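[1] after the sequence you'll find the predicted model.
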Amino acid sequence: MVLFSDSVTTPDATATLAVEALREWRGWLEDLAERFTDLTPPGNTPATSTDHWCWERACTRLVTAVADRTEAQSGWYGHGKQVLRWFLAHSGIDEGQAQAIVENAAGGRSGSWTTPDVLVADTVNSRFAGGMGRTR
């Protein structure tokens, strides 16, 4: 755990750490933007039989990327849900619908310090894709 006193020291050292953190965050956001573009189903259409698989795959890849990036540490799944909502916004889904889809799919299904097992991942992915079929 990083304490305030570990991060805030001299003005120059603190500024260096802040710049480094911002660069890391920007890199993550740029990575996500690229993933969003790559993972959006062709034609950005509602979940049909073939698109359902695309939405499931997107959910799997994004949740896996977040778990890897955060090393599944405390509260990682909160950022995972945030990333899924961002992906849905990128895909043109209304914020309220995105919130409902993500909460229905992922709410309460993961815990800190552990990545989801196969059964949980399959449930989340399936519910996520199923929610997409009700958006348009």
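    Yep, it's here.
[2] what about stretch 94-114, start to end distance?
    30 Å (Cα to Cα, to the nearest Å).
[3] that one: how far from the chain's middle?
    Chain-centre distance of stretch 94-114: 10 Å, with Cα atoms, centre = their mean, to the nearest Å.
[4] for stretch 66-73, same thing?
    With Cα atoms, centre = their mean, you get 10 Å for stretch 66-73.
[5] other residues contacting that stretch?
    28, 76, 79, 80, 83, 112, 113, 114, 115, 116 (Cβ atoms under 8 Å, 6 or more residues apart in numbering). Bear in mind the C-beta positions are built from the backbone N, C-alpha and C, glycine included.
[6] go with 10 Å
    Outside of stretch 66-73, the residues that reach it under the criterion Cβ atoms under 10 Å, 6 or more residues apart in numbering are 24, 28, 31-32, 76-84, 110-116, 121.
[7] now swap in stretch 114-127 and tell me
    So stretch 114-127 is contacted by 52-53, 55-61, 63-64, 66-68, 70-72, 76-77, 80-81, 84, 101-107, 109-111 (Cβ under 10 Å, 6+ apart).
[8] in the protein, what spans have low per-residue confidence?
    Low-confidence segments of the chain (pLDDT under 70): 1-6, 43-50, 111-113, 134-136.
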